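> One predicted model, sequence on top.
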Amino acid sequence: MSFSMVKRCCGTPLFRRVLQFKMCRRKNQDSNVTYTVFRHRWMKALPVLCSSSRRLSTQSDKDAVDLSKFPVDRIRNFCIIAHIDHGKSTLADRLLEMTGAIAKTEKNKQVLDKLQVERERGITVKAQTASLFYNHEGQRYLLNLIDTPGHVDFSYEVSRSISACQGVLLIVDANQGIQAQTVANFYLAFEAQLTIIPVINKIDLKNADPERVESQIEKVFDIPREECIRISAKLGTNVDKVLQAVVNRIPPPIASTEDPFKALVFDSNFDHYRGVVANIAVFGGWVKKGDKIVSAHLGKAYEVNELGLLRPDEHPTQKLFAGQVGYIIAGMKDVKEAQIGDTLYLQEQPVEALPGFKPAKAMVFAGMYPMDQSEYTGLRSAIERLTLNDSSVAVQRDSSLALGAGWRLGFLGLLHMEVFNQRLEQEYNASVIVTAPTVPYKAVLSSAKLIKNRRAVQKNMVYIDDQRVMMKYLFPLNEIVVDFYDLLKSLSSGYASFDYENAGYQAADLIKMDILLNGRPVEELTTVVHRERAYSTGKAMCERLKDSIPRQMFEIAIQAAIGSKVIARETRTEKMFLQNYGGDITRKMKLLKKQAEGKKKMRRIGNVEVPKDAFISVLKRKEK
Ligand SMILES: Nc1nc2c(ncn2[C@@H]2O[C@H](COP(=O)(O)OP(=O)(O)OP(=O)(O)O)[C@@H](O)[C@H]2O)c(=O)[nH]1
């Protein structure tokens, strides 16, 4: 990019960005920072050049839209749904061309598949909205079209798109007929009570059999065959009939401009310079630039900076009215502020929030870690921004001994995971290590976890920042005094820290437990335990003591007792000797008898030596 180009863009966000890039470069030279940082800044500047020039051209568009001329009854909101590759995006191209939204050129192919990953893979992964103007029987109609993905991994996009529509075009390939996603998508639309227009595509194919497909539609979906429209999206055959059917069959949205403003956020994007760009469906009233709106989710107020239609690029307008679908920019700078499914309303006219969306259920999980821990913050922000655009991804912080701090992400399928990873690299220049995908399992843990196991009561939990949480618990002192800190450090890979203060005395069901060696209590090992835990603690102490005491010339009984009642017992076996005694049998028997008498005497004396370190080690629990 030449400097003269930078000068021409003076005043646009691009200029500011490039300046930042140059300063960064100078700093790099001084501090010898690597080339990656340099490239990263450069890459960020490029999309601005494209988007700002696009915006300039749309602003000067002679075909400026006066939306006040569009009463609700001349608006149609619909999406195109189908099995993968049945021709949704190709039909969307034809509809855009026929209504003059895009020029009819060879270059304009699958124009709503804007993402690099979509173009490279030839599949739609993201629903896209386009507003079209269509003249029918002397009236001008506003048609809001949403092109949706066909692959099962992206079905969440379909269900969200449906919430902004009153009808669907159900495309079926004239050769392949009804497929799995045709049925799944039909039911999504059917359950949402949308008008369904069956469209049989690819009738130009040699093996096309529209008759058979019509019979399938009639049989499986109970839709009369006369309602099917046979088209070739590729050649444009009968596409005008599709537009007519949209106007004639799909009802206008039930929404009144007289009601208070109420809009559903059905999609969101993060723009580096303008913050959150939310796609909204207006369910009531109207909104204009400068209005103060509130997000029902956070209760936070924002001023509307820009709004408009997507044709399919952003086309700023003065207002958005009930029944319309468009975009809004209201100074939301943090990705957490724009939740998909949120309701927006005017500050002075609060309304009840719309139901939103059912959360997607992740099926495939994988760990994602930065290549280098110094890239953690950058990767975190990239993941946050991308999940704003794809809310079906479940994100959870994670850490690994080998890879450091990272995340565990949940996806709807393997393709979804691959696409997310590719988008991170292509759109955010992020390099990540992805672990092998796994599926969720339900496990019943045989050992309780650390805190619950110690009779703690949680008092509160505060997020200090997005990486640290402070938890307060009320613990019995004897539960934390011996080994709690070591276990906490080991379970949290060294990340957790711990402090405690005296919270006073509290009544508890406690009992005194003795440890006996050959029937004699060892005073130093007498403990006070909770009644419910007496058996397990006594058993564990006896087991540990058995391992700590060296073998003696006689057997040692190790017991835990409450009063006179023994609740646990272990036996330390005696030392073995005289195995290979070579003398005659009478002498051997004599010797054994003598030894047995000696052992009896020693046991009576009960003089068992307990090593010093055993006193602490028997109190330590072996929690995993
Ligand atoms: N012969 C013929 N081919 C078509 C027609 N419509 C679409 N195709 C081809 O079918 C393939 C898939 O078309 P797309 O429009 O990408 O299908 P899609 O349903 O949007 O695909 P996904 O979004 O990935 O589910 C492309 O190669 C198109 O050129 C048609 O009417 N006739």
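Alright, I've got the coordinates. Treat the numbers as computed from the prediction; the structure is a model and nothing was measured.
> rest of the way, CA atoms for contacts and neighbours
OK.
> Would you agree residue 293 is in contact with residue 303?
Yes: the criterion here is CA atoms under 8 Å, and residue 293 meets it with residue 303 at 6.2 Å.
> So for the two, which sits in the more crowded spot?
residue 293 (24 against 18; other CA atoms under 10 Å).
> secondary structure class for that one?
Of the three states, residue 293 takes strand under DSSP: H, G, I helix; E, B strand; the rest coil.
> Quick check: it vs residue 490, distance?
Residue 293 sits 48 Å away from residue 490, taking CA to CA, to the nearest Å as the criterion.
> Could you list the single helix or strand in the chain with the lowest mean pLDDT?
When the helices and strands of the chain are scored by mean pLDDT, DSSP states H and E, helix 35-59 comes last with a mean of 28.
> what sits against the nearest residue to residue 611 once chain neighbours are set aside?
Leaving aside its sequence neighbours, residue 611 sits nearest to residue 549 (CA to CA, 6 or more residues apart in numbering; 6.6 Å). Taking CA atoms under 8 Å, 6 or more residues apart in numbering, we find residue 549 in contact with 572, 609, 610, 611, 614.
> quick one: which of the residues you listed sit in strands?
Taking DSSP state E, the ones among these that sit in strands are residue 572.
> Of the contacts of residue 549, just the buried ones, PyMOL syntax please.
Selection of buried members from the contacts of residue 549 for PyMOL, criterion 16 or more other CA atoms under 10 Å:
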select buried, resi 572+614
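> which of the contacts of residue 549 lies closest to the ligand?
residue 614 (67.4 Å; CA to the nearest ligand atom).
> didn't that closest one look like it was pressed against residue 543?
No: counting by CA under 8 Å, residue 614 does not reach residue 543; the two are 11.6 Å apart.
> Around the ligand, pick out the residues from the chain.
Along the chain, the residues adjacent to the ligand under the rule CA under 6 Å from any ligand atom are 84-90, 123-124, 149-151, 201-202, 204-205, 232-234.
> how much space is there between the residue lying closest to residue 528 once chain neighbours are set aside and the ligand?
Excluding the flanking residues, the one nearest residue 528 by CA to CA, 6+ apart is residue 512, at 4.5 Å. Between residue 512 and the ligand the distance is 70 Å, computed by CA to the nearest ligand atom, to the nearest Å.
> Is residue 512 in contact with residue 562, as I believe?
Yes: Residue 512 lies in contact with residue 562 (CA under 8 Å); the separation is 6.5 Å.
> So these two - more neighbours on which side?
Comparing residue 512 with residue 562 by neighbour count (other CA under 10 Å), the higher total belongs to residue 562, at 17 against 14.
> That one: what's it in contact with?
In this structure, residue 562 makes contact with 511, 512, 513, 514, judged by CA under 8 Å, 6+ apart.
> Need the three-state assignment for the last one.
In this case it means residue 514. strand.
> From the ligand, how far off is it?
72 Å.
> Not counting its neighbours along the chain, what's nearest that residue?
Spatial nearest neighbour of residue 514, excluding adjacent residues (CA to CA, 6+ apart): residue 526 at 4.6 Å.
> just the third one next, same as before
Across the structure, with CA to CA, 6+ apart as the measure, the residue nearest residue 513 apart from its sequence neighbours is residue 562 (5.0 Å).
> Nice, that's everything, thank you.
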